[in-house]
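Colleague: take this sequence and fold it.
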Amino acid sequence: MLALSALATMDHIPGTDISLTVPYAAEGPGPMFNTLGEQDNVPVVEISGEPVDETAGALEMTTVSVRTNMTLAQAMGRWLTTDDTLVPIEQVFPPDMSEKEIEQSNQQAFTSSEAAATVAAMNHLGRPVQIVVADTIEDSAAVDHIEAEDVIIAVDGQPVDQPGQVQEQVRAKSPGEEITLTVRRGGDEVEETIPLGENPQDPGAPMLGILMTSEPTDGIDVEYNLQDVGGPSAGMIFSLAVIDKLSPGELNGGRHVAGTGTISEDGTVGPIGGIVHKVRAAEEKGTELFLAPADNCTEAISRDHGDMVIAKVTTLDDAITAMADFDAGRDVEECS
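Modeller: As a prediction, this is how the structure comes out:
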């Protein structure tokens, strides 16, 4: 019995490389970041090229903590003594992807999310944007054709100004087909015709292999300085922070607001994972209003959230309306 107890707390068999960790990950409340504030003395959302408006209160980005490489005893301990959720490790680290492929996929997700956040914010503010290449993916079709800092102005002769438009044109083709990008490189306009590759994570799907971001054309530069924290689920909150900093008044009414949700370039807010843990973290931090994607509402209110109001949002405009209504004392469309 003692031997079995000892094995339950070990992460490998002594003298061997045989792992004794369980194939599960524990998800729980993660740290929160005020997108109107600073992290390590650097603005979380940094805007240059134009004076920013004064902000107050908080627009908190919420996260989920993930624990892996747990022994049986550790996993059981988290299940019995915390509100953590145990999920199969495959949900965190897909077994059919290499470490390098996972890293590339995450990088693409972060870059796409930040670009969409900028586009959605600029669309709300009525400011034009342009597509800037952030990087190319190693060994992809775009290498030797496209360079970082290229500005994409057309795809197959069709003018584009948002990354989603480029992605739509790529998805309409098959691996091996050619696509022609017109880019502004320095002071020159260049055409590059590229045979599309195949997405290693989605066999049969085409892949160009570029990371795109969006920049306003009027000289404003938007940077998100959380070093890959947050991912796609931070999109809506990032957009709201940009809007708040570039428009008069306080978007949140100076209140303590938190939220989560993906953002599309057209301002649509999408569902995310782990919302029960994000709601818990927000409630424990004294958040007054939580902005939740409509498709996550049932799960968001499934556990006690005290006096914190959980608003149902489908679009960026819904989130802005919810904050205005809450600050003015009007009824907020809540999750129910």
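
Colleague: any idea what residue 48 is bridged to?
Modeller: residue 221 (DSSP bridges).

Colleague: how near is it to residue 225?
Modeller: Using Cβ to Cβ, to the nearest Å, residue 48 is found at 12 Å from residue 225. In short, each C-beta sits where N, CA and C put it, glycine included.

Colleague: tell me the confidence at the nearest residue to residue 119 once chain neighbours are set aside?
Modeller: Distance criterion Cβ to Cβ, 6 or more residues apart in numbering; nearest residue to residue 119, sequence neighbours excluded, is residue 265 at 4.2 Å. Per-residue pLDDT puts residue 265 at 88.

Colleague: residue 265 in helix, strand or coil?
Modeller: Under DSSP: H, G, I helix; E, B strand; the rest coil, the three-state class of residue 265 is coil.

Colleague: wait, what's in contact with it?
Modeller: 116, 119-120, 123, 162-164 (Cβ atoms under 8 Å, 6 or more residues apart in numbering).

Colleague: any idea how far it is from residue 296?
Modeller: 21 Å.

Colleague: what residues are bridge-paired with residue 258?
Modeller: Note on residue 258: beta-bridge partners by DSSP bridges are residue 60, residue 290.

Colleague: any idea how many residues pack against it?
Modeller: Per other Cβ atoms under 10 Å, the neighbour tally for residue 258 reads 28.

Colleague: residues contacting it?
Modeller: For residue 258, counting by Cβ under 8 Å, 6+ apart, the contacting residues are 32, 58-62, 237, 278, 282, 285, 287, 289-291.

Colleague: and the gap between the closest residue to residue 323 other than its chain neighbours and residue 56?
Modeller: Leaving aside its sequence neighbours, residue 323 sits nearest to residue 252 (Cβ to Cβ, 6+ apart; 5.0 Å). The spacing between residue 252 and residue 56, counted by Cβ to Cβ, is 8 Å.

Colleague: ditto for residue 110
Modeller: Using Cβ to Cβ, residue 110 is found at 28 Å from residue 56.

Colleague: more crowded one of these two?
Modeller: Comparing residue 110 with residue 56 by neighbour count (other Cβ under 10 Å), the higher total belongs to residue 110, at 20 against 13.

Colleague: am I right that that one sits in a helix?
Modeller: Yes - counting by three-state DSSP, residue 110 is located in a helix.

Colleague: any low-confidence regions in the stretch 151-300 of the chain?
Modeller: Judged by pLDDT under 70, the stretch 151-300 of the chain has its weakly predicted residues at 227-231.

Colleague: now with 90, please.
Modeller: Filtered on pLDDT under 90, the stretch 151-300 of the chain yields the residue ranges 186-187, 199-203, 213-219, 226-232, 265.

Colleague: just the strands from it, written as ranges.
Modeller: 151-155, 158-159, 178-185, 188-195, 197-198, 206-207, 210-216, 221-224, 256-259, 262-263, 269-270, 289-293 (DSSP state E, counting those that start in this stretch).

Colleague: residues near residue 279, how many?
Modeller: 29.

Colleague: sorry, wrong one. I was asking about residue 126.
Modeller: Using other Cβ under 10 Å, residue 126 is surrounded by 6 other residues.

Colleague: give me the spatial nearest neighbour of the most centrally placed residue in the chain, chain neighbours excluded.
Modeller: Central residue of the chain (Cα atoms, centre = their mean): residue 232, 1.8 Å from the mean position. Spatial nearest neighbour of residue 232, chain neighbours left out: residue 113 (4.3 Å); criterion: Cβ to Cβ, 6+ apart.

Colleague: next one, pLDDT for that neighbour please.
Modeller: We note a pLDDT of 85 for residue 113 in this prediction.

Colleague: isn't there a helix covering it?
Modeller: Yes - counting by three-state DSSP, residue 113 is located in a helix.

Colleague: which of the contacts of residue 265 count as buried?
Modeller: The neighbour-count test (16 or more other Cβ atoms under 10 Å) marks 116, 119-120, 123, 162-164 as buried among the contacts of residue 265.

Colleague: now, among those, which is nearest to residue 194?
Modeller: Among these, residue 163 lies closest to residue 194 (Cβ to Cβ), at 16.4 Å.

Colleague: that closest one and residue 210 touch, don't they?
Modeller: No - with contacts counted by Cβ atoms under 8 Å, residue 163 stays clear of residue 210, the gap being 9.3 Å.

Colleague: all the helices of the stretch 51-200 of the chain, residue numbers only.
Modeller: All helices of the stretch 51-200 of the chain, identified by DSSP state H, counting those that start in this stretch, fall at 72-81, 99-125, 163-171.
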